[in-house]
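Trainee: can't give you the sequence, but here's the structure:
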């Protein structure tokens, strides 16, 4: 996962002892290890073992590339180990797992945990963004397990109002924070647009992944497919560019959108493009980054036209 090192997280909450599930995806389930600041991700089924191992390899590659950089205000949790089947290390930590899991796989990956945003920030989410029905039960709402482990997803590409949502559907775990709500919490969208652009450029042209399903959170992404870009291979370049564009549009709306109609959102897109191209130029000299931006814009137009015809 990717997370921000911001002022609001300068004093992270202490890792607390628990035996709980803190996340679940298509590939694996994330469990907090008792009395540690680490998590273990185990496959949801034996068929997911290879996919999870690939996840670990990419995670390690991303960490190795981004961790030493001081120019990008981003933090990648350190991958600690891939535990193979039958490892004795695994059995020494087995007591840390939640009770009631019928069969714990004896393989998986261990990494540092992204801890929750501070309580004061969670309180601000309730006070400034949530509907009245939640504000009236603020203490009880914040005490719920699913609201203690709060990571905030930064959606620069979507406008919405949490206050208009059904109270029963709101959880603070993986909380979607939309671009129009950020300033109410004292956050500057421009800052995140710069960091997302720089990070995406690093992932594309330094690490060599399409960044599909990467997550940007206050408190991180699950990374996927590796690729190699050869500027002299026209057919290969087209296939790679398709993957990059899909990685941009098929992900959650973290990045600013080229199709934005709000003036502030248009400026965010301009900031994103400027810093993506600037950072990319530090790593490659070919036209791939420029072609990526052009392809994203074109795909955005197609999506907008398709939406108009279907409405």
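Mentor: Structure's in. What do you need? Keep in mind that what you see is a predicted model, and the values were worked out from it rather than measured. Residues are numbered from 1 along each chain as shown.

Trainee: show me what contacts residue 174?
Mentor: Neighbouring residues of residue 174 by Cβ atoms under 8 Å, 6 or more residues apart in numbering: 23, 151, 153, 217. C-beta here means a position set from N, CA and C on the backbone, and glycine is covered the same way.

Trainee: mind doing that once more with 10 Å?
Mentor: Contacts for residue 174 (Cβ atoms under 10 Å, 6 or more residues apart in numbering) come out as 23, 146, 149-153, 215, 217, 219-220, 252.

Trainee: filter those to the buried ones?
Mentor: 23, 149-153, 215, 217, 219-220, 252 (16 or more other Cβ atoms under 10 Å).

Trainee: all strands of this protein, in order?
Mentor: 2-4, 21-24, 28-32, 38-43, 74-75, 79-83, 108-112, 152-155, 175-178, 216-218 (DSSP state E).

Trainee: would you mark the buried spots in the second one?
Mentor: Residues of strand 21-24 classed as buried by neighbour count (16+ other Cβ under 10 Å): 22-23.

Trainee: work out the gap between it and the centre of the chain.
Mentor: Centre-to-centre, strand 21-24 and its host chain are 14 Å apart (Cα atoms, centre = their mean, to the nearest Å).

Trainee: next: the longest one.
Mentor: Put simply, strand 38-43 sits 17 Å off its chain's centre (Cα atoms, centre = their mean).

Trainee: parallel or antiparallel, list what pairs with it.
Mentor: Its sheet considered, strand 38-43 pairs with strand 28-32 (antiparallel), strand 108-112 (antiparallel) by DSSP bridges.

Trainee: of all the ones you listed, which one comes closest to residue 166?
Mentor: With Cβ to Cβ as the measure, strand 28-32 is the member of these nearest residue 166 (26.6 Å).

Trainee: quick check: mean pLDDT across that closest one?
Mentor: Taken as a whole, strand 28-32 has an average pLDDT of 84.

Trainee: dump the strands of the chain to JSON lines, plus distance to residue 136.
Mentor: Conversion of the strands of the chain to JSON lines gives the following (distance: least, Cβ to Cβ, whole Å):
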{"stretch": "strand 2-4", "distance to residue 136": "31"}
{"stretch": "strand 21-24", "distance to residue 136": "28"}
{"stretch": "strand 28-32", "distance to residue 136": "30"}
{"stretch": "strand 38-43", "distance to residue 136": "34"}
{"stretch": "strand 74-75", "distance to residue 136": "35"}
{"stretch": "strand 79-83", "distance to residue 136": "42"}
{"stretch": "strand 108-112", "distance to residue 136": "37"}
{"stretch": "strand 152-155", "distance to residue 136": "23"}
{"stretch": "strand 175-178", "distance to residue 136": "19"}
{"stretch": "strand 216-218", "distance to residue 136": "26"}
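
Trainee: quick check: which of these is nearest to residue 281?
Mentor: If we rank the strands of the chain by Cβ to Cβ, the stretch that ends up nearest is strand 74-75, at 19.1 Å.

Trainee: what is that closest one packed up against?
Mentor: For strand 74-75, the packing partners by 3 or more Cβ pairs under 10 Å, 6 or more residues apart in numbering; DSSP states H and E come out as strand 2-4, helix 49-66, helix 189-202.

Trainee: go again with 6 Å.
Mentor: Using 3 or more Cβ pairs under 6 Å, 6 or more residues apart in numbering; DSSP states H and E as the contact test, no helix or strand touches strand 74-75.

Trainee: walk me through the domains of this structure.
Mentor: Following automatic domain parsing, the chain resolves into domains at 15-112, 191-209+221-310.

Trainee: now the end-to-end length of stretch 194-212.
Mentor: 19 Å (Cα to Cα, to the nearest Å).

Trainee: ugh, wrong one, I meant stretch 254-268
Mentor: Stretch 254-268: ends 12 Å apart by Cα to Cα.

Trainee: average pLDDT for it?
Mentor: 96.

Trainee: can you list the buried residues in that stretch?
Mentor: In stretch 254-268, counting by 16+ other Cβ under 10 Å, buried: 254-260, 265, 268.

Trainee: stretch 201-217 too?
Mentor: 201-207, 209-217.

Trainee: and the furthest pair within these?
Mentor: 205 and 217 (23.0 Å).

Trainee: give me the pLDDT for residue 291.
Mentor: So residue 291 comes in at 96 (pLDDT).

Trainee: which stretch among the strands paired with strand 38-43 comes nearest residue 169?
Mentor: Per Cβ to Cβ, nearest to residue 169 of those: strand 28-32, 22.1 Å.

Trainee: show residues contacting that closest one.
Mentor: 18, 20-23, 39-44, 52 (Cβ atoms under 6 Å, 6 or more residues apart in numbering).
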